[in-house]
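*Asks:* Sequence first, predicted model second:
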Amino acid sequence: MPMKGMQCDDRAWSKGKYRHYAYYRCQTRSFENKGASTPVAKIEQGFANIPRGMQPAKGLFDLAKAMLRDAWNMRLAMALNEKDALEKQLADVNRQLENMPDHIVEANSTSVVSAYETRLEKIERNKIGSERQNSEISPSKGADGGLY
């Protein structure tokens, strides 16, 4: 019952010639038609028409679109910054890998060579991890930020 909990919530039935009809009877003193009966179908149809008449303004859609575009651009900038940082880290790891074999050859002690080899393996693992992270970050910008 759409009127339940409102001022006019007294529902009654009247018998017509062929069937029964539901009515709301309003007993509120402040109501101008106190005691008047209104068909339930008429009130329910009025409630059904309310959402049809409610439509957001075009400016609201433009505002939401601008907010989404700004959020998209911020995420894109963050992804590009993260990608740049990972590329710098990868370049640093590559530089370390290029210098490491020279240090291993120059080392005289087997323990030093072993330490260099361990460090070389660690640097290679870091390189693989950085490459994987860098490949996972793929900021793509579609038409107008892909918002449409």
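*Replies:* Looks like it came in fine.
*Asks:* Where does the most centrally placed residue in the chain fall, secondary structure wise?
*Replies:* The centre of the chain sits closest to residue 68, judged by C-alpha atoms, centre = their mean, with a distance of 9.9 Å. Assigning secondary structure by DSSP states H and E places residue 68 in helix 58-106.
*Asks:* tell me the domain ranges of the protein?
*Replies:* Split into domains by automatic domain parsing, the chain comes to 10-53, 58-146.
*Asks:* Tabulate these (CSV), appending mean pLDDT.
*Replies:* Below are the domains of the chain laid out as CSV (pLDDT from 0 to 100):
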stretch, mean pLDDT
domain 10-53, 76
domain 58-146, 79
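*Asks:* Is residue 83 in contact with residue 133, as I believe?
*Replies:* No - using C-beta atoms under 8 Å, residue 83 is not in contact with residue 133, being 9.1 Å away. Where you see a C-beta, it was placed from the backbone N, CA and C, and this is true even at glycine.
*Asks:* quick one, which residue of the protein lies the farthest from its center?
*Replies:* In the chain, the residue that sits farthest from the middle, by C-alpha atoms, centre = their mean, is residue 108; the gap is 58.8 Å.
*Asks:* ok, it to residue 116 distance?
*Replies:* To residue 116, residue 108 is 12 Å away according to C-beta to C-beta, to the nearest Å.
*Asks:* just residue 93 next, same as before
*Replies:* Residue 93 sits 15 Å away from residue 116, going by C-beta to C-beta.
*Asks:* Can you read off the pLDDT for residue 55?
*Replies:* For residue 55, the pLDDT comes out at 78.
*Asks:* Next, give phi and psi for it.
*Replies:* With angles defined as degrees, to the nearest 10, residue 55 sits at phi -140, psi 130.
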